[in-house]
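Asks: predicted structure and sequence below. I'll ask about it afterward.
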Amino acid sequence: MTSSSGPGGRHERLAAGLADPGRAELFSLTLRFGPVTRSQLAAWTGLDASTVTRSLRPLIDDDYLRESGTPGAGRGRPVQALSVNPGRHVAIGIKVGPSTVSGVLTDLRATVLNRCSRALSSTEPAIALAAVGEVVDELLATSGSDRPDVLGVGVGLSGHIEPQTGTCRLSAILGWRDVPVRRALSDLLDLPVVVENDANTLALAEHWFGRGRGVRTFAVVTLGVGIGCGLVLGDRLHTGVRGTGGELGHLPLDPQGRWCTCGARGCLEAMAGDAAICELSGCASVTEAMDVASNGRGDAAVRAREAFRSAGDALGRGLAGLCNLIDPELVIIAGESSPAFSLMEDSTRESFAVHGFSGIAGEVRIEVDTAQEDLWTRGAASLAIRAGVGQLS
Ligand SMILES: [Zn+2]
């Protein structure tokens, strides 16, 4: 990036490199799977080798891609493999939560270089969005990056995000309705902004850089205050027509069940979310309930174990509903309360086995990702990276 590039220059420069959809696809494949050879790229895209070589030349000249020699498969010259220069741009990922705005600055591979957060005095949109501006400014100041270096800002939040506009139609956790998040932040930050449901950003991060790399159909299910879900179907993040795709948390399981934050009764979230576990166990937090269930004695321990069994039973029925619909290869359990899955797992697998069609419960891989640090913010940064390199899936 030249020092003379302003915000307009950033777009022109990216456009020169990645505006061509075929070139953008080759770049994103190299980003996700590199180092790769030209012949691998040709095989994956169906392009001939000379087209691949010609398409990639400007990206090598512009230092988006770098070549390295790797030993060939047999005799002859080393094969030149291509890798993305991860420091060519930075991206910013932001998570807006009910009490905190958190942010990270990452390289192009979503490796976190810097992080920052601000406590929120209120979830009032004006206050929360102003805090996003402060977090972005601090991330840039402390990393020595300028706005032209930034590929974009990805923002993840809980709720219904309209994909076409980046407007938050509804977020029960934040108490928001019809907040034009993308428009407001684009004006405030003077950077490209993408907004998405937070569970969808996790699915994207897993698909591009994590356990879902190379997996065509999978789901990420998050446990916590809400039960979130992001879907990758046929190698594409599925958000649905209106942005409510993958709302597993509001799968109706029991018409007489607990009231849910969405206003309905008996949703999965109302039966397996943190509030249900706390209420059933009589504990103040899921962490306390885990401790009582694992180390406690007497009635309190029985009650805590029963709370996790009940939540796991509901989760298993939810997973059966999900897997009967989309038939995934993999389900990744993540989120703040994912460490509690070990206490729910037996009952989850039992009810999944009862309700999963045609023995599917025995075949879907379930992996648990208990990582907490940078989980949501890194997901949001992946969103900015995907959009910035011209990819929609
Ligand atoms: Zn609900």
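Replies: Arrived safely. Residues are numbered from 1 along each chain as shown.

Asks: what comes up buried for the helix or strand hosting Ser68?
Replies: Assigned by DSSP states H and E, Ser68 falls within strand 65-70. In terms of neighbour count (16 or more other Cβ atoms under 10 Å), strand 65-70 has its buried residues at Leu65, Arg66. The C-beta positions use only the backbone N, C-alpha and C, and glycine is treated the same way.

Asks: mind listing what that strand pairs with, with the direction of each?
Replies: Strand 65-70 has the following strand partners under DSSP bridges: strand 79-84 (antiparallel).

Asks: pLDDT of the partner strand, averaged?
Replies: The average pLDDT for strand 79-84 rounds to 90.

Asks: rewinding a little: from the chain's centre, how far out does the strand holding Ser68 sit?
Replies: Centre-to-centre, strand 65-70 and its host chain are 29 Å apart (Cα atoms, centre = their mean, to the nearest Å).

Asks: need phi/psi at the closest residue to the ion within the stretch 51-200 of the chain.
Replies: When scored by Cβ to the ion, the stretch 51-200 of the chain has Ala172 as its residue closest to the ion, at 8.3 Å. With angles defined as degrees, to the nearest 10, Ala172 sits at phi -70, psi -40.

Asks: which stretches of this structure form helices?
Replies: Counting by DSSP state H, the chain has helices at residues 7-18, 21-33, 38-45, 49-61, 125-143, 181-189, 198-209, 268-272, 274-281, 286-295, 298-326, 341-355, 375-388.

Asks: my guess is Ser28 meets Val389, correct?
Replies: Yes - counting by Cβ atoms under 8 Å, Ser28 touches Val389, with 5.2 Å between them.

Asks: ok, the two, which is more surrounded?
Replies: Neighbour count, other Cβ atoms under 10 Å: between Ser28 and Val389, Val389 has more, with 24 against 19.

Asks: select the helix or strand of this structure having the lowest average pLDDT value.
Replies: When the helices and strands of the chain are scored by mean pLDDT, DSSP states H and E, helix 7-18 comes last with a mean of 46.

Asks: distance from the chain centre to stretch 157-171, please.
Replies: 15 Å.

Asks: ugh, wrong one, stretch 219-229
Replies: In terms of Cα atoms, centre = their mean, the centre of stretch 219-229 is found 11 Å from the chain centre.

Asks: quick one: mean pLDDT over that stretch.
Replies: Averaged across stretch 219-229, the pLDDT comes to 96.

Asks: which residues touch the strand holding Ser68?
Replies: Contacts to strand 65-70, defined as Cβ atoms under 8 Å, 6 or more residues apart in numbering, come from residues 27, 30, 35, 37, 56, 59-60, 78-85.
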